[in-house]
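Trainee: Let me see the structure of the following:
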Amino acid sequence: MALVGLLGGSLVVGIFWPDAVRAVARELADPIVMRRVEKFAPGIRFAARESSLDPNLLAALVYSESSGRVGAVSKVKALGLLQLMPAAASDSAKRIGVKVPTSKQLLEDADLNLRLGASHFAWTLKHEENDPLRALVAYNAGRTKLRRWVRKEGGYEAWLAKQRRDGDSATLAYADRVLSYAENFRKRGNIILGSGEP
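Mentor: Predicted structure coming up:
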(Lines give C-alpha, C1' and ligand atoms only; values in the text may rest on other atoms or scores of the structure.)
Protein backbone atom coordinates (compact mmCIF):
# COMPACT_ATOMS: atom_id res chain seq x y z
CA MET A 1 0.00 0.00 0.00
CA ALA A 2 2.87 2.37 0.82
CA LEU A 3 4.38 1.57 -2.58
CA VAL A 4 1.08 2.47 -4.29
CA GLY A 5 1.01 5.76 -2.36
CA LEU A 6 4.62 6.49 -3.30
CA LEU A 7 4.01 5.69 -6.96
CA GLY A 8 0.79 7.71 -6.94
CA GLY A 9 2.65 10.66 -5.39
CA SER A 10 5.39 10.38 -8.01
CA LEU A 11 2.80 10.30 -10.74
CA VAL A 12 1.14 13.43 -9.36
CA VAL A 13 4.49 15.23 -9.09
CA GLY A 14 5.41 14.04 -12.61
CA ILE A 15 2.17 15.31 -14.03
CA PHE A 16 2.06 18.67 -12.24
CA TRP A 17 5.74 19.47 -11.80
CA PRO A 18 6.38 20.98 -15.27
CA ASP A 19 3.33 23.27 -15.01
CA ALA A 20 4.27 24.26 -11.46
CA VAL A 21 7.83 25.07 -12.52
CA ARG A 22 6.57 27.09 -15.49
CA ALA A 23 4.13 28.99 -13.26
CA VAL A 24 6.85 29.87 -10.74
CA ALA A 25 9.26 30.87 -13.52
CA ARG A 26 6.56 33.07 -15.08
CA GLU A 27 5.84 34.75 -11.76
CA LEU A 28 9.52 35.44 -11.15
CA ALA A 29 10.09 36.71 -14.69
CA ASP A 30 6.90 38.78 -14.90
CA PRO A 31 8.15 41.98 -13.15
CA ILE A 32 11.48 41.79 -14.98
CA VAL A 33 9.83 41.47 -18.38
CA MET A 34 7.27 44.18 -17.57
CA ARG A 35 10.08 46.60 -16.68
CA ARG A 36 11.91 45.66 -19.89
CA VAL A 37 8.77 46.41 -21.94
CA GLU A 38 8.14 49.66 -20.02
CA LYS A 39 11.53 50.95 -21.22
CA PHE A 40 9.86 51.26 -24.63
CA ALA A 41 6.95 53.33 -23.22
CA PRO A 42 7.59 56.45 -25.37
CA GLY A 43 7.73 54.39 -28.58
CA ILE A 44 4.71 52.35 -27.52
CA ARG A 45 2.72 55.51 -26.83
CA PHE A 46 3.69 57.05 -30.17
CA ALA A 47 2.86 53.89 -32.15
CA ALA A 48 -0.40 53.38 -30.27
CA ARG A 49 -1.47 57.00 -30.86
CA GLU A 50 -0.54 56.79 -34.56
CA SER A 51 -2.69 53.65 -35.00
CA SER A 52 -5.46 54.59 -32.52
CA LEU A 53 -4.72 51.73 -30.14
CA ASP A 54 -4.67 51.38 -26.37
CA PRO A 55 -0.97 51.73 -25.41
CA ASN A 56 -1.38 49.19 -22.61
CA LEU A 57 -2.71 46.63 -25.08
CA LEU A 58 0.23 47.33 -27.39
CA ALA A 59 2.63 46.91 -24.45
CA ALA A 60 0.92 43.60 -23.63
CA LEU A 61 1.47 42.47 -27.21
CA VAL A 62 5.17 43.32 -26.92
CA TYR A 63 5.30 41.39 -23.63
CA SER A 64 3.62 38.35 -25.18
CA GLU A 65 5.38 38.38 -28.53
CA SER A 66 9.02 39.07 -27.63
CA SER A 67 9.26 39.62 -23.86
CA GLY A 68 10.56 43.07 -24.79
CA ARG A 69 13.58 41.77 -26.75
CA VAL A 70 14.28 43.96 -29.79
CA GLY A 71 16.23 41.28 -31.67
CA ALA A 72 13.81 38.41 -31.05
CA VAL A 73 13.33 35.97 -33.96
CA SER A 74 10.69 33.25 -33.80
CA LYS A 75 10.97 29.75 -35.24
CA VAL A 76 8.79 30.92 -38.16
CA LYS A 77 11.09 33.94 -38.70
CA ALA A 78 8.80 36.59 -37.20
CA LEU A 79 10.95 39.55 -36.21
CA GLY A 80 11.47 42.01 -33.40
CA LEU A 81 9.37 43.38 -30.56
CA LEU A 82 6.03 42.61 -32.21
CA GLN A 83 7.21 39.52 -34.09
CA LEU A 84 6.35 40.79 -37.55
CA MET A 85 6.46 38.65 -40.65
CA PRO A 86 8.10 40.52 -43.55
CA ALA A 87 4.85 40.61 -45.60
CA ALA A 88 2.89 42.14 -42.69
CA ALA A 89 5.68 44.66 -42.09
CA SER A 90 5.67 45.60 -45.77
CA ASP A 91 1.88 46.13 -45.81
CA SER A 92 2.08 48.20 -42.62
CA ALA A 93 4.92 50.31 -44.01
CA LYS A 94 2.75 51.23 -46.99
CA ARG A 95 -0.18 52.08 -44.68
CA ILE A 96 1.83 54.48 -42.54
CA GLY A 97 3.89 55.88 -45.41
CA VAL A 98 7.39 54.66 -44.60
CA LYS A 99 9.93 52.75 -46.66
CA VAL A 100 9.51 48.96 -46.57
CA PRO A 101 11.95 47.80 -43.87
CA THR A 102 14.69 45.25 -44.14
CA SER A 103 14.82 42.32 -41.73
CA LYS A 104 17.79 44.00 -40.08
CA GLN A 105 15.74 47.15 -39.44
CA LEU A 106 12.89 45.11 -37.96
CA LEU A 107 15.38 43.56 -35.55
CA GLU A 108 17.28 46.71 -34.62
CA ASP A 109 14.87 49.66 -34.85
CA ALA A 110 12.48 49.23 -31.93
CA ASP A 111 10.41 52.31 -32.75
CA LEU A 112 9.93 51.23 -36.36
CA ASN A 113 8.94 47.72 -35.29
CA LEU A 114 6.45 49.19 -32.83
CA ARG A 115 4.91 51.49 -35.46
CA LEU A 116 4.61 48.71 -38.04
CA GLY A 117 3.31 46.20 -35.49
CA ALA A 118 0.77 48.69 -34.15
CA SER A 119 -0.43 49.40 -37.69
CA HIS A 120 -0.73 45.67 -38.39
CA PHE A 121 -2.66 45.03 -35.19
CA ALA A 122 -4.95 48.04 -35.81
CA TRP A 123 -5.65 46.72 -39.31
CA THR A 124 -6.37 43.26 -37.85
CA LEU A 125 -8.64 44.77 -35.19
CA LYS A 126 -10.60 46.68 -37.85
CA HIS A 127 -11.05 43.52 -39.93
CA GLU A 128 -12.05 41.45 -36.90
CA GLU A 129 -15.06 43.62 -36.00
CA ASN A 130 -13.08 45.76 -33.51
CA ASP A 131 -13.18 42.85 -31.07
CA PRO A 132 -9.83 42.83 -29.20
CA LEU A 133 -10.05 39.13 -28.27
CA ARG A 134 -10.88 38.10 -31.81
CA ALA A 135 -8.14 40.37 -33.22
CA LEU A 136 -5.58 38.85 -30.85
CA VAL A 137 -6.56 35.35 -31.96
CA ALA A 138 -6.13 36.47 -35.58
CA TYR A 139 -2.81 38.19 -34.80
CA ASN A 140 -1.50 34.99 -33.21
CA ALA A 141 -2.91 32.34 -35.54
CA GLY A 142 -3.37 34.37 -38.71
CA ARG A 143 -6.63 35.67 -40.13
CA THR A 144 -6.84 32.87 -42.71
CA LYS A 145 -6.62 30.17 -40.06
CA LEU A 146 -9.17 31.95 -37.85
CA ARG A 147 -11.59 32.20 -40.80
CA ARG A 148 -11.16 28.46 -41.41
CA TRP A 149 -11.88 27.66 -37.74
CA VAL A 150 -14.90 29.97 -37.69
CA ARG A 151 -16.29 28.49 -40.90
CA LYS A 152 -15.89 24.95 -39.53
CA GLU A 153 -17.82 25.80 -36.34
CA GLY A 154 -20.52 27.82 -38.10
CA GLY A 155 -19.55 31.26 -36.79
CA TYR A 156 -17.17 33.08 -34.47
CA GLU A 157 -19.40 32.87 -31.39
CA ALA A 158 -19.81 29.10 -31.90
CA TRP A 159 -16.04 28.71 -32.32
CA LEU A 160 -15.37 30.78 -29.20
CA ALA A 161 -17.93 28.85 -27.13
CA LYS A 162 -16.38 25.54 -28.22
CA GLN A 163 -12.87 26.74 -27.33
CA ARG A 164 -14.04 27.97 -23.92
CA ARG A 165 -15.86 24.69 -23.30
CA ASP A 166 -12.96 22.45 -24.43
CA GLY A 167 -10.32 24.66 -22.80
CA ASP A 168 -7.52 23.44 -25.05
CA SER A 169 -6.93 26.32 -27.45
CA ALA A 170 -3.39 27.65 -27.11
CA THR A 171 -4.35 30.56 -29.38
CA LEU A 172 -7.31 31.57 -27.22
CA ALA A 173 -5.15 31.20 -24.09
CA TYR A 174 -2.63 33.54 -25.76
CA ALA A 175 -5.34 36.14 -26.46
CA ASP A 176 -6.64 35.92 -22.89
CA ARG A 177 -3.09 36.35 -21.55
CA VAL A 178 -2.49 39.45 -23.68
CA LEU A 179 -5.67 41.03 -22.34
CA SER A 180 -4.61 40.13 -18.80
CA TYR A 181 -1.14 41.66 -19.35
CA ALA A 182 -2.79 44.81 -20.73
CA GLU A 183 -4.72 45.12 -17.47
CA ASN A 184 -1.48 44.62 -15.50
CA PHE A 185 0.24 47.38 -17.49
CA ARG A 186 -2.81 49.61 -16.94
CA LYS A 187 -2.61 49.06 -13.17
CA ARG A 188 1.13 49.75 -13.08
CA GLY A 189 0.57 53.05 -14.95
CA ASN A 190 4.07 53.21 -16.46
CA ILE A 191 3.12 52.95 -20.12
CA ILE A 192 0.72 55.89 -20.14
CA LEU A 193 2.70 58.08 -17.74
CA GLY A 194 6.16 56.97 -18.80
CA SER A 195 9.26 57.19 -16.71
CA GLY A 196 10.39 60.70 -15.97
CA GLU A 197 8.19 62.29 -18.64
CA PRO A 198 5.83 65.19 -17.87
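
Trainee: Only C-alpha atoms from now on, for both contacts and neighbour counts.
Mentor: Fine.

Trainee: Residue 56 touches residue 187, doesn't it?
Mentor: No: using CA atoms under 8 Å as the test, residue 56 is too far from residue 187 to be in contact (9.5 Å).

Trainee: neighbour count winner among those two?
Mentor: residue 56 (28 against 11; other CA atoms under 10 Å).

Trainee: Show me where this protein has its helices.
Mentor: Per DSSP state H, the chain carries helices over the ranges 2-38, 41-50, 55-66, 86-96, 103-108, 110-127, 132-141, 143-153, 156-166, 170-188, 190-193.

Trainee: so how many other residues sit close to residue 168?
Mentor: Counted with other CA under 10 Å, residue 168 comes out at 11.

Trainee: Torsion angles phi and psi at it?
Mentor: Here is the backbone geometry of residue 168 (degrees, to the nearest 10): phi -120, psi 20.

Trainee: What confidence value was assigned to it?
Mentor: pLDDT recorded at residue 168 is 88.

Trainee: That one and residue 174: what is the separation?
Mentor: Applying CA to CA, to the nearest Å, the value for residue 168 to residue 174 is 11 Å.

Trainee: repeat for residue 104
Mentor: 27 Å.

Trainee: Then residue 92?
Mentor: For residue 92, the distance to residue 174 - CA to CA - is 23 Å.

Trainee: Please identify which of the two sits among more neighbours.
Mentor: Comparing residue 92 with residue 174 by neighbour count (other CA under 10 Å), the higher total belongs to residue 92, at 25 against 19.

Trainee: Could you report the pLDDT at the more buried one?
Mentor: Reported pLDDT for residue 92: 98.

Trainee: Tell me the buried residues in stretch 93-101?
Mentor: Across stretch 93-101, burial judged by 16 or more other CA atoms under 10 Å covers 93, 100-101.

Trainee: What of stretch 80-90?
Mentor: For stretch 80-90, using 16+ other CA under 10 Å, the buried residues are 80-86, 88-90.

Trainee: Compute the first-to-last residue distance for it.
Mentor: First residue to last in stretch 80-90 (CA to CA) measures 14 Å.

Trainee: and that stretch, how far out from the chain's middle?
Mentor: 13 Å (CA atoms, centre = their mean, to the nearest Å).

Trainee: Kindly report the same for stretch 120-140.
Mentor: So, by CA atoms, centre = their mean, the centroid of stretch 120-140 is 12 Å from its chain's centroid.

Trainee: who's in contact with that stretch?
Mentor: The contact list for stretch 120-140, computed with CA atoms under 8 Å, 6 or more residues apart in numbering, reads 51-53, 88-89, 91-92, 143, 145-146, 171-172, 174-176, 178-179.

Trainee: which regions of this protein sit below the pLDDT cut-off?
Mentor: Filtered on pLDDT under 70, the chain yields the residue ranges 1-29, 193-198.
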